[in-house]
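Q: next one to model:
(one chain, ligands or ions: 1)
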Amino acid sequence: ILGGYEARPHLRPYMASLQLDGQHVCGGFLIAEQWVLSAAHCTEGTNGKLFQVLLGAHSLSEPEPHKRLYRVRTQIAHPGSNIHNNRDDLLLLQLEEKAELNAHVKVLPFQREDRDVEADTMCEVAGWGTITHSGRRPDKLQQVERPVISRELCNHRTRHDQTITEKMMCTDSRKKDTCKGDSGGPLVCNGVAEGVVTAGSRVCGNYKKPAIYTRIAPYAAWIDGVMASAAG
Ligand SMILES: CC(C)CC(=O)Nc1cccc(-c2cccc(CN)c2)c1
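A: Have a look, this model is predicted:
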């Protein structure tokens, strides 16, 4: 997160850190006791290795009472996701066991009504992604408030030039923005997860490249289907 600030500890008990060999790679969030939603592009370069999911954390390094690392039973990328564009950039992770829910570990409801969030709506996004252009990584969860911008503006020739589909949404990226390692985290508007951070043009803090999110509502049926079929 560029231009943000340290989150109040455990005010976002749904936040997950997707880790490989103890290193934070991407964000994610708890959508059910045994399921985390993140971004498919986070699996780039992992050579099919499974993530581990850290829940209940504020600091990535310090011991905290409700912090717990979960193994992943299965990772399911949306069948439409690919490395060439940001379309269908969603990843579902089934934990080896149900997460122990408590004050620091909670499920975040996601939007199921497929209607655009109005432009200028202030939303918030949090993550352990880089906090400087030089790529400094924070130890503690950061957050920032960002206004939604219209798809029309986001699709302008000088911005993302007609690549933003009706299954995506954008927020202003002037100075305050998502950045590397924030992918997979939720864009929360009025307490509901409306979007999942995607890398887009992999540029941060430049108003010409607004932040892009995969809207969740259009994928509610896919998410429910995967969770139901894996329920076993
Ligand atoms: C395996 C993945 C971590 C690879 C990756 O995502 N790289 C990468 C590099 C630079 C910026 C970003 C990035 C992320 C989220 C939002 C934005 C733009 N606001 C950029 C993402």
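Q: how about the residues of the chain near the ligand?
A: 25-26, 41-42, 44-45, 173, 177-180, 182-183, 197, 199-200, 202, 204, 211 (C-beta under 6 Å from any ligand atom). To be clear about C-beta, it is placed using only N, CA and C from the backbone, and glycine gets the same treatment.
Q: write a PyMOL command that selects only the buried members of those residues.
A: Applying 16 or more other C-beta atoms under 10 Å to the residues of the chain next to the ligand, the buried members can be selected in PyMOL as follows:
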select buried, resi 25+26+41+42+173+177+178+179+182+183+197+199+200+204+211
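Q: pull the residues that contact the longest helix seen in the chain.
A: When the chain is parsed with DSSP state H, its longest helix is helix 220-230. In this structure, residues lying in contact with helix 220-230 by C-beta atoms under 8 Å, 6 or more residues apart in numbering are 31-32, 35, 37, 74, 76, 78, 90, 92, 94, 110, 112, 114, 216.
Q: flag every buried residue along that helix.
A: Buried residues in helix 220-230, counted by 16+ other C-beta under 10 Å: Trp222, Ile223, Val226, Met227.
Q: and what of stretch 72-80?
A: Quick answer for stretch 72-80 (16+ other C-beta under 10 Å): Val72, Gln75, Ile76, Ala77, His78.
Q: which one of these is nearest the ligand?
A: Set against the ligand, the nearest of the buried residues of stretch 72-80 by C-beta to the nearest ligand atom is Ala77 (12.6 Å).
Q: for the most centrally placed residue in the chain, give me the pLDDT.
A: A centroid search over the chain (C-alpha atoms, centre = their mean) returns Gly185, at 1.7 Å, as the residue closest to the centre. For Gly185, the model assigns a pLDDT of 98.
Q: that one contacts Cys123, correct?
A: No: counting by C-beta atoms under 8 Å, Gly185 does not reach Cys123; the two are 11.8 Å apart.
Q: joint contacts of those two?
A: With C-beta under 8 Å, 6+ apart as the test, Gly185 and Cys123 reach no residue in common.
Q: any low-confidence regions in the chain?
A: Low-confidence segments of the chain, defined by pLDDT under 70: 232.
Q: all strands of it, in order?
A: Using DSSP state E, the strands of the chain run over residues 5-6, 15-20, 23-32, 35-38, 52-55, 68-77, 91-95, 122-127, 142-149, 168-171, 186-189, 192-198, 211-215.
Q: out of those, nearest to Gly135?
A: strand 23-32 (12.8 Å; C-beta to C-beta).
Q: in its sheet, what does that closest one sit against?
A: strand 15-20 (antiparallel), strand 35-38 (antiparallel) (DSSP bridges).
Q: of all the ones you listed, which one is nearest Lys49?
A: strand 15-20 (6.1 Å).
Q: most neighbours among the contacts of helix 220-230, which one is it?
A: Leu37 (26 neighbours; other C-beta atoms under 10 Å).
Q: need phi/psi at the nearest residue in space to Arg137 that is not next to it in sequence.
A: Using C-beta to C-beta, 6 or more residues apart in numbering and skipping the chain neighbours, the partner closest in space to Arg137 is Thr130 (5.8 Å). The phi and psi values for Thr130, taken as degrees, to the nearest 10, are phi -60, psi 140.
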